[in-house]
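Novice: 3D model of this:
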Amino acid sequence: MVYFHFFKERSALTLFLLCNSTSSEDKMQTRAHLEAQIASAMALKSPIEYRQCLLSYTRCLAREADERRLREVCEELLGPPAGMITSTPSDSIATSWDPHILGMKKHDLLREDVLPALASNRKVQRLLNEFLDLLSEYKTREPNLHNEQVKVSDTYTGI
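Specialist: Okay, here's the model as predicted:
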């Protein structure tokens, strides 16, 4: 147990130094390591570690201003476009996306962890604003979606 704690502290220090390094090879290795950490947390079904690794990964990408990868993370947490949520159940895009990961709401992760990490770099400000707008659009549609589902279920209970 002491070895694991030492390794974890050493690993965090190494990641910090590598992520702040100027070498592109070091940054690529760090990014790959963080991606592996996220995959490991998912495989172990550990929501606490997943959240920590996701935050570290997002901070690293924000420092690098890697808009393409940041967009991928945000899109995965945001889900399909708000209009597709009300699609028919046979729609494969709407049904394949799960709004939860390891018991946590993806929208909460996006709102509470990922987007604040993006705010640390002005180079990704446009991306931050885009996803803040999209997230608020989802939030305004969620109560309407819930009301539509209640109305539909009420009509079927009388049959």
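Novice: spit out the contact partners of L44.
Specialist: Shown here is L44, which makes no contacts under the criterion CB atoms under 8 Å, 6 or more residues apart in numbering. Placement of C-beta: from N, CA and C, glycine included.
Novice: again, only using 10 Å
Specialist: Contact analysis of L44 by CB atoms under 10 Å, 6 or more residues apart in numbering lists Y50, L102.
Novice: same thing with R126?
Specialist: E67.
Novice: and the gap between it and L77?
Specialist: When distance is defined by CB to CB, to the nearest Å, R126 is 18 Å away from L77.
Novice: can you check N129 too?
Specialist: 16 Å.
Novice: pick out whichever of the two has more residues nearby.
Specialist: Applying other CB atoms under 10 Å to N129 and L77 shows that L77 carries more neighbours, namely 23 against 12.
Novice: hang on, that one packs against L109?
Specialist: Yes: the pair L77 / L109 is scored as a contact, 5.6 Å apart, by CB atoms under 10 Å.
Novice: shared neighbours, the two?
Specialist: When CB under 10 Å, 6+ apart defines a contact, the residues bordering L77 and L109 alike are L54, T58, I101, L115.
Novice: nearest to R69, of those residues?
Specialist: Taking CB to CB as the measure, R69 sits nearest to T58 out of the shared contacts of L77 and L109, at 9.2 Å.
Novice: give me the nearest residue to that closest one, chain neighbours excluded.
Specialist: On the basis of CB to CB, 6 or more residues apart in numbering, the spatially nearest residue to T58 that is not a chain neighbour turns out to be A117, at 4.2 Å.
Novice: how much space between that neighbour and L70?
Specialist: 9 Å.
Novice: name the residues contacting each of the two.
Specialist: Y57, T58, L61, A62, V124, L128.
Novice: so what's the residue count around the closest residue to the fifth one other than its chain neighbours?
Specialist: Distance criterion CB to CB, 6+ apart; nearest residue to V124, sequence neighbours excluded, is L118 at 5.2 Å. Neighbourhood size, L118 [other CB under 10 Å]: 25.
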